[in-house]
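Trainee: dropping a prediction and its sequence here:
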Amino acid sequence: MNRSLFLSLAATVAVAVGLFALLFPAVLLASKGTAPSLVANVWVREVGAILLMIGISAAAMRRHPDSPTLRVFFFSNAMIQLALLLIEVIAYQQGTITLLSGILPNSIIHILLGSGFIYYWRRMPSA
C-alpha cells in the first residue's frame with residue numbers, strides 16, 4: 001500500500017469515528033458498556049471533534065512530498081494510536097469499559113493504524 005492510500009484510509013477512519021462521536025456520543029459510550037451521561041457526552045464529542053480534524057489533516061496531506069513536518073505528523077499519529085490503545089485496554093482492565101466488544105475492534109484498528117504510521121515515519125528521511 002502506498003503512503004497516499006494509507007493516509008486516505010486513516011483519514012476515512014478518523015472522519016467516520018469523529019463524526020459518529022460528535023453526533024451520537026451516548027451510542028458510542030453504550031457500545032463500550034459504559035453509562036452515558038451529559039458530562040461523558042461532552043467529552044466524547046470533544047474527542048470526536050479532534051478525530052475529525054485529524055482525519056481532515058490526513059486527507060489534506062495524503063499527497064504531500066516528504067518533509068520534516070509530514071514526518072512529525074506520522075510520528076504524532078502513531079503516538080495517538082498507542083495512547084488510545086493503552087487507555088482503552090486499561091479502562092477495560094479496571095472495569096470502566098465493561099464490554100470486550102467495546103475495545104476489541106478499536107484495538108485492532110489502533111494497532112493497524114499505529115503500525116502504518118510508524119512504518120511511514122521510519123521510511124521518511126529525517127531532516
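Mentor: Thanks, I have it.

Trainee: check contacts around the spatially closest residue to residue 84 that is not a sequence neighbour.
Mentor: Sequence neighbours aside, residue 110 is the residue nearest to residue 84 in space, at 5.4 Å (criterion: CB to CB, 6 or more residues apart in numbering). The C-beta positions use only the backbone N, C-alpha and C, and glycine is treated the same way. Residues in contact with residue 110 (CB atoms under 8 Å, 6 or more residues apart in numbering) are 81, 82, 84, 85, 88.

Trainee: rerun that using 10 Å as the cut-off
Mentor: 80, 81, 82, 83, 84, 85, 86, 87, 88, 89, 103 (CB atoms under 10 Å, 6 or more residues apart in numbering).

Trainee: figure out the helix or strand that it lives in.
Mentor: helix 104-123 (DSSP states H and E).

Trainee: alpha carbons only: can I get that helix in PDB?
Mentor: Backbone C-alpha positions of helix 104-123 (Å, rounded to 0.1, in the frame of the first residue of the first chain) are rendered in PDB as follows:
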ATOM      1  CA  LEU A 104     -11.600  -5.300  20.500                       C
ATOM      2  CA  PRO A 105     -12.400  -3.600  17.200                       C
ATOM      3  CA  ASN A 106     -10.800  -0.400  18.300                       C
ATOM      4  CA  SER A 107      -7.700  -2.200  19.500                       C
ATOM      5  CA  ILE A 108      -7.200  -3.800  16.100                       C
ATOM      6  CA  ILE A 109      -7.700  -0.500  14.300                       C
ATOM      7  CA  HIS A 110      -5.200   1.200  16.700                       C
ATOM      8  CA  ILE A 111      -2.600  -1.500  16.100                       C
ATOM      9  CA  LEU A 112      -3.000  -1.400  12.300                       C
ATOM     10  CA  LEU A 113      -3.100   2.400  12.000                       C
ATOM     11  CA  GLY A 114      -0.300   2.800  14.600                       C
ATOM     12  CA  SER A 115       1.900   0.300  12.700                       C
ATOM     13  CA  GLY A 116       1.200   2.100   9.400                       C
ATOM     14  CA  PHE A 117       2.100   5.500  10.900                       C
ATOM     15  CA  ILE A 118       5.300   4.000  12.300                       C
ATOM     16  CA  TYR A 119       6.200   2.300   9.000                       C
ATOM     17  CA  TYR A 120       5.800   5.500   7.000                       C
ATOM     18  CA  TRP A 121       7.500   7.600   9.700                       C
ATOM     19  CA  ARG A 122      10.600   5.300   9.700                       C
ATOM     20  CA  ARG A 123      10.700   5.200   5.800                       C
END
